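Undergrad: Got a sequence here, can you model it:
(one chain, ligands or ions: 2)
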Amino acid sequence: MNMTNQNINLSNEIPDKEPERQYYYIEKAKEYIQKKSQEIGRPLTFCVTTFGCQMNARDSEKLRGILLEIGYIEASEDIADFVIYNTCTVRENANTRVYGRLGQLKPRKKKNPNMMIGLCGCMMQEPEVVEKLKKSYGFIDIIFGTHNIFKFAELIVTRLESQRMIIDIWKDTDQIVEDLPNERKYFFKSGINIMFGCNNFCSYCIVPYVRGRERSREPQAIIREIERLIADGVVEVMLLGQNVNSYGKNLEQPITFAQLLQEIEKIDGLERIRFMTSHPKDLSDELIEVMGNSKKICKHLHLPVQSGSTRILQKMNRRYTKEQYLELVDKIRKAVPDISLTTDIIVGFPGETEEDFQETLDIVRKVRYDSAFTFIYSKRTGTPAAVMEDQIPEDVIKDRFDRLLNEVQTIASEVCAVHEGTTQQVLVESVSEHDSSMVTGRLSNNLLVHFAGSEELIGQLIDVHLTECKGFYYLGEKI
Ligand code: 5AD
Ligand code: SF4
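TA: Numbering: from 1, shown residues only. Ligands and ions are numbered 1, 2, ... in the order given. Sure thing, here's the model as predicted:
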């Protein structure tokens, strides 16, 4: 996957072009790290801890790839010499967790002279956060954002050469750097970024401010990456973007997401295709048709609804009504009858009345989701919703949240059970956490099944009979 580093001569001029420039810095960092390891008589270790979504998980794989290339060895967070937090800021509690964890790192850094702390990700794109870190967390070594993770090696070298806190945050970018190292968590499946950023500006959401404007990768670059991954053992890919349904619109030669999927479907050796996240307003008939005809696209669609009240949806700037959403669900179910639908719902958006909330319960009952992520509205400074009148009191939100969760879970366990007694293909992902004589596999519809088996099955697609539904997962038997 990685470019060769053989022709890099550190006495040459530093390349201007990417990714060559970063391969230069990887070599340079390697020298520093080797020297340090020799001094202390052991290898230096790192840990990348990920908060937030799949985009962040993928970014963390890129950070891990660079660190391993530099010569660091992976270790658990409590002993690592270099701790990196890849942060999320979608809700306030994500930020609170990071500050808490940093407080715990401080005494460790005092004791270990080789320790470094790096912070990156969405939270770092908020100027108030960086101000606070500068003022009260002076022991942090490197701070960077979502647009320049590709520069990680360069930032490490800058830090090693300067002995001061390095802060490098970009407001936005149109640059997409291809072909840097990355280290996958699973050998048999992988996330692939197909686009970055978001142009939707839902009124509650901070993502467009921290991830910047929409940029799509060239289809050829995506296909090339998938082909390489397959050669490396991958059978399932998850195409990632904040709003995959608007993929390709800003490319020089525009292409739709549905067309991209058809190209990816043709790749030999690829068995399963997943994608997320879809915005209902952009989900086209073309895409529904492609999903209906596909042999590889998994029978799962994550389609965030956020609220069932058309009035609230309008205030959220979602640009669809409750009725339009329900029509869309009908169309999808007609084209792909056994599809699993999941969603995100926010409770307690400013101005949400009991009637609005009843509309949300109603849409949940009508769609009958396979599962739903339910969130308490979190006020994000800088978003339009943060200054809307009529913020809802905590106790009212909590009561609605509990009622919603109860409804969602009751329906989900009923929906899950409908596959009992069928035989389905699963991709085996791991040895079961609770019983080492069992393995855990994922169905096309994203549900998990545990069945007797051992480690060699990991990464294989096999048929499993679903003997018993346990609410949100299955017990099964290998056929
Ligand atoms: N408060 C609560 N939930 C939010 N989400 C995004 N912004 C907020 C917020 N301010 C939820 C949405 C989105 C998911 C990733 O996070 O439901 O789909
Ligand atoms: Fe969190 Fe959104 Fe950033 Fe993902 S893109 S890490 S959900 S703020």
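Undergrad: element containing Tyr85?
TA: strand 82-87 (DSSP states H and E).
Undergrad: For Leu10, give me the pLDDT.
TA: If you check Leu10, the pLDDT there is 86.
Undergrad: Now do the SS call for it.
TA: Assigned with DSSP: H, G, I helix; E, B strand; the rest coil, Leu10 falls in the coil class.
Undergrad: separation between it and Gln358?
TA: Distance of Leu10 to Gln358, computed by Cβ to Cβ, to the nearest Å: 66 Å. For the C-beta atoms, the positions are set from N, CA and C on the backbone; glycine is no exception.
Undergrad: And for Thr467?
TA: As judged by Cβ to Cβ, Thr467 and Gln358 stand 38 Å apart.
Undergrad: Check Tyr320 too.
TA: Counting by Cβ to Cβ, the gap from Tyr320 to Gln358 is 19 Å.
Undergrad: Compare the two (neighbour count), which wins?
TA: A count of neighbours by other Cβ atoms under 10 Å puts Tyr320 above the other of Tyr320 and Gln358, at 20 against 14.
Undergrad: can you list the residues of the protein near ligand 1?
TA: By Cβ under 6 Å from any ligand atom, the residues of the chain that approach ligand 1 are Val90, Arg91, Tyr204, Cys205, Pro304, Gln306, Asp344, Ile346, Phe375, Tyr377, Ser378, Arg380.
Undergrad: Name the spans of this protein whose pLDDT lies under the cut-off.
TA: Applying pLDDT under 70 to the chain picks out residues 1-6.
Undergrad: Look through it and tell me its longest helix.
TA: helix 394-416 (DSSP state H).
Undergrad: Give me the residues contacting that one.
TA: Residues outside helix 394-416 that contact it (Cβ atoms under 8 Å, 6 or more residues apart in numbering) are 340, 345, 347-348, 352, 357, 360-361, 364-365, 368-372, 374, 376-377, 447, 469, 471-474.
Undergrad: how far does stretch 63-72 sit from the chain's center?
TA: Taking Cα atoms, centre = their mean, to the nearest Å, one finds stretch 63-72 lying 20 Å from the centre of the chain it belongs to.
Undergrad: and it, is it in reach of ligand 2?
TA: No: using Cβ under 6 Å from any ligand atom, stretch 63-72 never reaches ligand 2; the gap is at least 13.7 Å.
Undergrad: For that stretch, C-alpha coordinates in PDB please.
TA: Extracted C-alpha coordinates of stretch 63-72, given in PDB (Å, rounded to 0.1, in the frame of the first residue of the first chain):
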ATOM      1  CA  LEU A  63      -2.300   8.200  11.900                       C
ATOM      2  CA  ARG A  64      -1.400   4.700  13.000                       C
ATOM      3  CA  GLY A  65       0.000   4.000   9.500                       C
ATOM      4  CA  ILE A  66       2.300   7.000   9.700                       C
ATOM      5  CA  LEU A  67       3.400   6.200  13.300                       C
ATOM      6  CA  LEU A  68       4.200   2.500  12.500                       C
ATOM      7  CA  GLU A  69       6.200   3.700   9.400                       C
ATOM      8  CA  ILE A  70       8.100   6.100  11.600                       C
ATOM      9  CA  GLY A  71       9.100   3.200  13.900                       C
ATOM     10  CA  TYR A  72       6.800   3.600  16.900                       C
END
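Undergrad: And the helices in the stretch 351-479 of the chain?
TA: Secondary structure of the stretch 351-479 of the chain by DSSP state H, counting those that start in this stretch: the helices cover 354-367, 394-416.
Undergrad: Give the helix, strand or coil label for the spatially closest residue to Asp268 that is not a sequence neighbour.
TA: Excluding its sequence neighbours, the residue lying closest to Asp268 (Cβ to Cβ, 6 or more residues apart in numbering) is Ile230, at 7.6 Å. Secondary structure for Ile230, judged by three-state DSSP, is helix.
Undergrad: I'd assumed Glu214 was in contact with Ile176.
TA: No: contact between Ile176 and Glu214 fails when scored by Cβ atoms under 8 Å: they sit 11.7 Å apart.
Undergrad: Up against ligand 2, what does the stretch 1-150 of the chain have?
TA: Within reach of ligand 2 by Cβ under 6 Å from any ligand atom, the stretch 1-150 of the chain has these residues: Gly52, Cys53, Met55, Asn56, Cys88, Thr89, Val90, Cys122.
Undergrad: Now do the contacts for the fourth one.
TA: In this structure, Asn56 makes contact with Thr50, Asn86, Thr87, Cys88, Gly121, Cys122, judged by Cβ under 8 Å, 6+ apart.
Undergrad: For those, work out which two are farthest apart.
TA: Pairwise distances across these (Cβ to Cβ) peak at 11.4 Å, for the pair Thr50 and Cys122.
Undergrad: Please identify which of those two sits among more neighbours.
TA: Legend: neighbour count by other Cβ under 10 Å for Thr50 and Cys122, higher for Cys122 (27 against 21).
Undergrad: The residue in the stretch 151-300 of the chain that ligand 2 sits nearest to: how many residues sit nearby?
TA: Per Cβ to the nearest ligand atom, Val207 is where the stretch 151-300 of the chain lies closest to ligand 2, at 4.5 Å. With neighbours defined by other Cβ under 10 Å, the count for Val207 comes to 24.
Undergrad: And for Met238?
TA: Met238: 17 neighbours (other Cβ under 10 Å).
Undergrad: Same check on Lys366?
TA: 14.
Undergrad: do you know how far the residue lying closest to it once chain neighbours are set aside is from Arg311?
TA: Among residues not flanking Lys366 along the chain, Leu326 sits closest, at 6.1 Å (Cβ to Cβ, 6+ apart). Distance of Leu326 to Arg311, computed by Cβ to Cβ: 16 Å.
Undergrad: what's the answer for Leu251, then?
TA: From Leu251 across to Arg311, the span is 36 Å (Cβ to Cβ).
Undergrad: Apart from its chain neighbours, what residue comes closest to the residue in the stretch 301-450 of the chain that ligand 2 sits nearest to?
TA: Ligand 2 sits closest to Arg380 of the stretch 301-450 of the chain, with a gap of 9.3 Å, by Cβ to the nearest ligand atom. Closest residue to Arg380 apart from its sequence neighbours, by Cβ to Cβ, 6+ apart: Ile206 at 4.2 Å.
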